[in-house]
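In: sequence? don't have it. structure:
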C-alpha cells in the first residue's frame with residue numbers, strides 16, 4: 001500500500017497467499033529463465049535509489065527509508081577499508097539476518113562487490129546457536145554478523161572445535177556488547193578482526209565503527225567508535241548546540257551515508273532530516289534520537305534512546321544508563337530496564353544471569369555509580385530476553401512478574417498504631433501497597 005510496488009518476486013507456494021495488486025513473478029517458474037540473456041544497459045547514476053527498506057523505529061509505524069547508490073557504496077568501501085582491504089575471493093560470507101533488517105544488505109553486497117562467496121543460512125531459526133556454530137565450522141565461514149544475544153553462546157560452541165575455525169572477520173552491534181565477549185572471539189583466531197558498528201537505517205547500515213583490539217578486556221561496554229569515511233557526527237542538546245565531552249546528547253549525523261528521506265512522508269522527513277548548522281559540504285543532518293557521549297579517548301559511547309527517557313520523582317532517568325551499569329557486573333549476561341506505571345512509576349530491571357545473584361548484590365553494584373532514584377524498584381530474572389525478528393530486545397513482550405522480584409531492599413512492618421495509620425495514608429496517596 002505504501003510503496004506502490006509494481007512487481008512482487010515470490011515462490012509458487014506463496015503466490016496464493018500474496019495480497020498484491022501488481023504483477024507477481026514466480027521465481028520457481030523455469031520459463032522466466034528463457035529468452036535474451038545479455039546484460040541490461042546501465043542507466044543508473046549514483047543518486048538513484050539502491051533500495052527502500054522499511055523500519056518501524058520507536059514509533060511502531062513502518063516507514064520506507066530511501067537509500068541511494070552512493071550511500072551504499074560509501075558504506076561498503078568503509079567496512080572494506082576497516083578490514084584492511086582483506087576481503088576477496090578466498091572469503092566465505094554468511095548471510096544470516098532477515099532481509100527486513102538492513103544488516104542483510106551488508107551481508108549480501110559485501111561479498112558480491114569484493115569478489116567473495118555469499119553463503120546463505122537456510123535454517124528457519126536464525127537464533128539456533130548449535131546450528132549457527134555448525135554452519136560456521138562446516139562451511140568454513142570467514143565473515144559473519146552475529147546478533148549480540150548469541151555472541152557468547154556461539155563462541156563457546158566454536159571453542160570446542162577451535163582448530164576448525166576459519167572465521168577471521170566479524171561485524172557486531174545493535175545492542176551494547178561486553179568486551180570480554182569479543183575477547184573470546186579473538187582467542188579463537190589470532191587473525192580475528194571485529195567491528196562494532198552503530199547506525200540507524202537512515203544512515204545506511206552503520207554511521208560509526210569501533211575496531212576492537214585484543215587486550216582491551218576490562219569488563220566494560222564496547223564503544224561505538226568513530227564516524228565512517230565521508231561521515232560527520234555531532235552530539236547536540238535540544239537546541240542543536242554541541243555539548244561538552246562526557247555529557248550525553250543527541251547524536252546527529254551528516255555525510256554520504258544519509259538516506260534521501262522517507263518514502264511519501266515529507267513531513268516526517270523534514271522533522272528528522274534538518275538543516276546542518278555546522279557545515280555547507282553536507283547541508284543536512286539526521287537526528288537519530290539516540291543519546292551518546294564522547295569518551296576521553298575520542299570514541300562515542302552509546303547511552304540510550306531519548307524517547308526512552310522518563311521522569312521519576314522529578315528526576316529525568318535514562319534506562320539505557322542503568323542497563324550499561326548492570327552489564328558491567330560479571331554476573332549479568334543481558335539486561336533491559338523499562339518503566340511501568342501503576343499509579344506511580346517504577347523501574348523494572350530484567351536480567352539474564354551468568355551465575356546466581358541476589359537483589360542486594362545488584363542494588364549494591366548499581367549504587368556505586370548511580371543515584372538512588374535510578375535504582376530499579378523491581379529486579380526480574382529471566383531465562384532469556386524476548387527478541388524481535390531483528391534480534392533486538394522486545395520490550396513489549398517483557399513479563400510483569402518473574403522468578404526474582406523485589407520492590408524494596410528491606411521491608412519493616414509498622415510497629416504501632418501510629419505507624420500503621422501513616423503507612424495507610426501514604427499507601428493511599430502513592431497508590432501502592434503498604
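Out: Structure's in. What do you need? Source: prediction; values computed, not measured. Numbering: from 1, shown residues only.
In: all helices of the stretch 201-350 of the chain, in order?
Out: Ranges of helices in the stretch 201-350 of the chain, per DSSP state H, counting those that start in this stretch, are 266-272, 319-327.
In: Can you report how many residues lie near residue 128?
Out: 14 (other Cβ atoms under 10 Å). C-betas here are computed from N, CA, C, even on glycine.
In: Please work out which of the helices of the stretch 201-350 of the chain is packed deepest.
Out: Most buried of those, by mean neighbour count (mean count of other Cβ atoms under 10 Å): helix 319-327, with a mean of 22.
In: Any buried residues in stretch 90-100, and which?
Out: Applying a neighbour-count criterion of 16 or more other Cβ atoms under 10 Å, the buried positions in stretch 90-100 are 91, 92, 93, 94, 95, 96, 97.
In: what would these look like in TSV with pLDDT, secondary structure and distance to residue 161?
Out: Shown next, in TSV, are those (pLDDT from 0 to 100; DSSP: H, G, I helix; E, B strand; the rest coil; distance: Cβ to Cβ, whole Å):
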residue	pLDDT	secondary structure	distance to residue 161
91	97	coil	20
92	97	strand	17
93	97	strand	20
94	96	strand	16
95	94	strand	22
96	91	coil	19
97	89	coil	24
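In: which stretch in the helices of the stretch 201-350 of the chain has the least confidence?
Out: Among the helices of the stretch 201-350 of the chain, helix 319-327 carries the lowest mean pLDDT, a mean of 88.
In: what's that one in contact with?
Out: Counting contacts by Cβ atoms under 8 Å, 6 or more residues apart in numbering, the residues outside helix 319-327 that touch it are 176, 178, 221, 291, 302-305, 308-310, 332, 334-339, 347, 349, 351, 362, 365-366, 369-370, 374, 376.
In: ditto for stretch 179-186
Out: Identification of contacts with stretch 179-186 by Cβ under 8 Å, 6+ apart yields 151-152, 155-156, 159, 167, 170, 172, 192, 194, 196, 212, 214, 216-222.
In: can we see that at 10 Å?
Out: 146, 148, 151-152, 154-156, 158-159, 165, 167-168, 170, 172, 178, 192-194, 196, 212-223, 330, 333 (Cβ atoms under 10 Å, 6 or more residues apart in numbering).
In: Filter these down to the buried ones, ChimeraX style.
Out: The following ChimeraX line selects those of the contacts of stretch 179-186 that are buried, judged by 16+ other Cβ under 10 Å:
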select :146,148,151,152,154,155,158,165,167,168,170,172,178,192,193,194,196,212,217,220,221,222,223,333
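In: Just the mean pLDDT for stretch 362-372, thanks.
Out: On average, stretch 362-372 scores 89.
In: end-to-end on it?
Out: Between the opening and closing residues of stretch 362-372 there is a gap of 13 Å (Cα to Cα, to the nearest Å).
In: same question, stretch 379-399
Out: End residues of stretch 379-399 are separated by 12 Å (Cα to Cα).
In: And for stretch 365-382?
Out: Start-to-end, stretch 365-382 (Cα to Cα) is 19 Å.
In: Would you mind listing the buried residues in that stretch?
Out: 365, 366, 370, 374, 375, 376, 377, 378, 379, 380, 381, 382.
In: Return the distance of that stretch from the chain's centre.
Out: 23 Å (Cα atoms, centre = their mean, to the nearest Å).
In: next one: stretch 304-315
Out: Worked out by Cα atoms, centre = their mean, stretch 304-315 lies 20 Å from the chain centre.
In: Please apply the same query to stretch 15-35.
Out: Worked out by Cα atoms, centre = their mean, stretch 15-35 lies 34 Å from the chain centre.
In: go on, stretch 102-117?
Out: Using Cα atoms, centre = their mean, the offset of stretch 102-117 from its chain centre is 19 Å.
In: do the same with stretch 75-91
Out: A distance of 22 Å separates the centroid of the chain from that of stretch 75-91, by Cα atoms, centre = their mean.
In: Could you tell me the end-to-end distance of that stretch?
Out: 19 Å.
In: mind listing what's buried in that stretch?
Out: 75, 76, 77, 78, 79, 80, 82, 83, 87, 91.
In: Show me the residues you listed that map onto helices.
Out: Taking DSSP state H, the ones among these that sit in helices are 75, 76, 77, 78, 79, 80, 82.
In: The spatially most central residue of the chain: what's it in contact with?
Out: Geometric centre of the chain, nearest residue: residue 174, 1.8 Å, by Cα atoms, centre = their mean. With contact taken as Cβ under 10 Å, 6+ apart, residue 174 is in contact with 97, 101, 103, 145, 147-149, 196-199, 390-393.
In: Just the buried residues of those residues.
Out: Buried, going by 16+ other Cβ under 10 Å: 97, 101, 103, 145, 147-149, 196-199, 390-391, 393, out of the contacts of residue 174.
In: farthest-separated two in those residues?
Out: 149 and 199 (19.0 Å; Cβ to Cβ).
In: just the buried residues of stretch 90-100 now: which is nearest residue 244?
Out: Closest to residue 244, out of all of the buried residues of stretch 90-100 and judged by Cβ to Cβ, is residue 97, at 37.0 Å.
In: which residues touch the closest one?
Out: 103-108, 121, 126, 144-147, 174, 389-391.
In: can you check residue 354 too?
Out: Taking Cβ under 10 Å, 6+ apart, one finds 152, 329, 330, 331, 332, 333, 334 in contact with residue 354.
In: rerun at 8 Å
Out: Residues in contact with residue 354 (Cβ under 8 Å, 6+ apart) are 330, 331, 332, 333.
In: what bridges to the third one?
Out: The partner list for residue 332 in beta bridges (DSSP bridges) reads residue 353.
In: Look up how far residue 385 lies from it.
Out: Distance of residue 332 to residue 385, computed by Cβ to Cβ, to the nearest Å: 12 Å.
In: Tell me the spacing between residue 14 and residue 197.
Out: In terms of Cβ to Cβ, residue 14 sits 32 Å off from residue 197.
In: can you count the residues close to residue 131?
Out: Applying other Cβ under 10 Å, I find that residue 131 has 15 neighbouring residues.
In: Surely it is in a strand?
Out: No: under DSSP: H, G, I helix; E, B strand; the rest coil, residue 131 falls outside any strand and is assigned helix.
In: excluding its backbone neighbours, what's nearest it?
Out: Residue nearest to residue 131 in three dimensions, not counting chain neighbours: residue 123, with 5.1 Å by Cβ to Cβ, 6 or more residues apart in numbering.
In: Now do the contacts for that neighbour.
Out: Per Cβ under 8 Å, 6+ apart, neighbours of residue 123: 131, 132, 135.
In: isn't the last one right up against residue 120?
Out: Read it as residue 135. No: using Cβ atoms under 8 Å, residue 135 is not in contact with residue 120, being 9.9 Å away.
In: Compare the two and say which is more crowded by neighbours.
Out: residue 135 (19 against 12).
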